[in-house]
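J.: All I have is the shape, not the residue letters:
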């Protein structure tokens, strides 16, 4: 009769676990290693400098069990499932920056979460915006009282504020590496901009830059915002009562249905997205689909946008996330001169829209579009995220 020996894998020597951890070759294996138990997690540093950079993931709608999220890597077609109950359907994604999701609850709370580590940071609540004059949780359907720029009062429900008050939130830095980060919000209803600093208890409106609400990024130490036609507002969020705001009026009429700003390895790009609108007569709703993109590079000498025909080795990621770029040659099998995009125009109507998401990759060389697997519009839209353990 043989004697069986039970091994307590959680009690392996720390130096052995550290050796194993430093020899893991992919972020997926590293995440699985850290998930085994407390001792294994302690042996695998959050700062994993030896691992190759991970290609951006597409966060998908909820799947069963409903506390898990799927994250799709379009380069490898791998699907990673992570436990993330914080990203339930009762919360709306209002952006992603530096690997962090920005979530808005039906209560006034707004917070950041890293899907891989589940670390959190809290931002000032919806009720702290200057144009919110009152919040009463017990006034059902009229919980928020707001004041318009024309000084008129109106009311919003919890759900309306969650879904339609903020279009997108952009971060200046990774919260874990720069605790003194700022958050910059594009507001939907009145096309305002707002900002806050980490640790502050309220948001501040950028009164000078109303209508610069197409997109915004953090670029060269300040926030850049763009209007429908390509003019730029530069907002330097400094300590004090109001930011320093400067404007670049390009004098151009950039066409397109949506505009995005991108920091492409130091170049400031404007990307125009063109949509095709059709009416589904059977179900009586408007169907939108991306048909092309045009890309412009900002020329600092002339203060104008100049059209470009190629991104060379660069790849852009557009949608509800903070727009960003990567270098194709950094990832095996990745092709440059591409634009990866998601549906970020459905807005608050996601519950009533049927069909599939407008998600894919656009080839700037020939204008072709490769669609990703279809995901039903039964939840908030998919969003790009750069996976990071810090």
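T.: That came through fine. This one's a predicted model, so the numbers in the text were calculated from it and none came from an experiment.
J.: okay, CA-based contacts and neighbour counts for the rest of this
T.: Will do.
J.: what's the neighbour count on the residue nearest to residue 104 when sequence neighbours are not counted?
T.: Using C-alpha to C-alpha, 6 or more residues apart in numbering and skipping residues adjacent in sequence, the residue nearest residue 104 is residue 110, 4.6 Å away. With neighbours defined by other C-alpha atoms under 10 Å, the count for residue 110 comes to 21.
J.: Is residue 110 bridged to anything, and to what?
T.: Under the criterion DSSP bridges, residue 110 forms beta bridges with residue 104, residue 123.
J.: my guess is it contacts residue 95, does it?
T.: No. Between residue 110 and residue 95 there is no contact under C-alpha atoms under 8 Å: 11.4 Å.
J.: Find residues that contact each of those two.
T.: Both residue 110 and residue 95 are contacted by 102-103, under the criterion C-alpha atoms under 8 Å, 6 or more residues apart in numbering.
J.: for residue 11, phi and psi?
T.: phi -110, psi 20 (degrees, to the nearest 10).
J.: That one: what's it in contact with?
T.: residue 39.
J.: What confidence value was assigned to it?
T.: pLDDT, residue 11: 77.
J.: what about residue 16, how many neighbours?
T.: Using other C-alpha under 10 Å, residue 16 has 10 neighbouring residues.
J.: hang on, it is in a helix, isn't it?
T.: Yes. Membership of residue 16 in a helix is supported by DSSP: H, G, I helix; E, B strand; the rest coil.
J.: Distance check, it against residue 115.
T.: Remark: distance between residue 16 and residue 115 (C-alpha to C-alpha, to the nearest Å) = 28 Å.
J.: What of residue 40?
T.: Remark: distance between residue 40 and residue 115 (C-alpha to C-alpha) = 19 Å.
J.: try residue 338
T.: For residue 338, the distance to residue 115 - C-alpha to C-alpha - is 26 Å.
J.: so where's the stretch 51-200 of the chain uncertain?
T.: Along the stretch 51-200 of the chain, the model assigns pLDDT under 70 to residues 51-52, 62-66.
J.: Now do the strands in the stretch 201-350 of the chain.
T.: Shown for the stretch 201-350 of the chain, the strands assigned by DSSP state E, counting those that start in this stretch span residues 204-205, 215-219, 222-226, 232-236, 244-248, 258-264, 267-280, 285-299, 304-308, 314-318, 324-327, 338-341.
J.: To clarify, my last question referred to the stretch 1-150 of the chain.
T.: 57-63, 68-73, 78-83, 92-97, 100-104, 110-113, 120-123, 132-135, 144-147.
J.: name the helices or strands packed onto the fifth one?
T.: With contacts defined as 3 or more C-alpha pairs under 8 Å, 6 or more residues apart in numbering; DSSP states H and E, the packing partners of strand 100-104 are strand 92-97, strand 110-113.
J.: for the third one, same thing?
T.: Contacts of strand 78-83 with other secondary structure elements, assessed using 3+ C-alpha pairs under 8 Å, 6+ apart, are made with strand 68-73.
J.: rerun that using 10 Å as the cut-off
T.: Strand 78-83 is packed against helix 27-34, strand 57-63, strand 68-73, with contacts defined by 3 or more C-alpha pairs under 10 Å, 6 or more residues apart in numbering; DSSP states H and E.
J.: What strands line up against that strand, and which way round?
T.: strand 68-73 (antiparallel).
J.: Show residues contacting the strand it pairs with.
T.: For strand 68-73, contacts defined as C-alpha atoms under 10 Å, 6 or more residues apart in numbering pick out 54-64, 78-88, 115, 372, 382-385, 387.
J.: which of the residues you listed are buried?
T.: Among those, those classed as buried by neighbour count (16 or more other C-alpha atoms under 10 Å) are 55-62, 79, 84, 86-88, 115, 382-385, 387.
J.: measure stretch 148-155 end to end?
T.: Terminal residues of stretch 148-155 lie 10 Å apart, using C-alpha to C-alpha.
J.: scratch that, stretch 382-390
T.: End-to-end span of stretch 382-390 (C-alpha to C-alpha): 22 Å.
J.: likewise stretch 73-91?
T.: Using C-alpha to C-alpha, the two ends of stretch 73-91 sit 23 Å apart.
J.: Sounds good, over and out.
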